[in-house]
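> Task: produce atomic coordinates for the following.
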Amino acid sequence: MTRQTGDTRRARLTTYEKNVCPQCSGWLLAPDWSEHLNERCVRHTWSCDACGYGFETTVVFPTLEKTAA
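Numbers count the residues shown, from 1 in each chain. Below you'll find the model as predicted:
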C-alpha cells in the first residue's frame, strides 16, 4: 500500500472541482456519453441529477510531436 501525500490528495480534489454543473454547481461523476470524434477530439454529453440541466463539452488534445529516435 502506498501512502498519499497532501499534494496527491489536493490534485484529486482539483480534478473533482472540474466536474460541476454550470447551472446549479452540483457535482457530476461522469458523462452520460462520450464520443471519440478523431485522434485529438472527444465530445462528452452530461446531465445533472440535481437540476436536470444537460450540456456538452469537447476535449481537444494537443498534437503529438514526433521525435527522432
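
> What is the end-to-end distance of stretch 21-31?
Stretch 21-31 stretches 11 Å from its first residue to its last (C-alpha to C-alpha, to the nearest Å).

> residues in contact with that stretch?
With contacts defined as C-beta atoms under 8 Å, 6 or more residues apart in numbering, stretch 21-31 is touched by 16, 19-20, 44-46, 48-51, 53, 55, 57. To be clear about C-beta, it is placed using only N, CA and C from the backbone, and glycine gets the same treatment.

> Go again with 6 Å.
Identification of contacts with stretch 21-31 by C-beta atoms under 6 Å, 6 or more residues apart in numbering yields 19, 44, 45, 46, 48, 50, 51, 53.

> Any of the residues you listed buried? List them.
When these are checked for burial by 16 or more other C-beta atoms under 10 Å, the buried set is 44, 46, 48.
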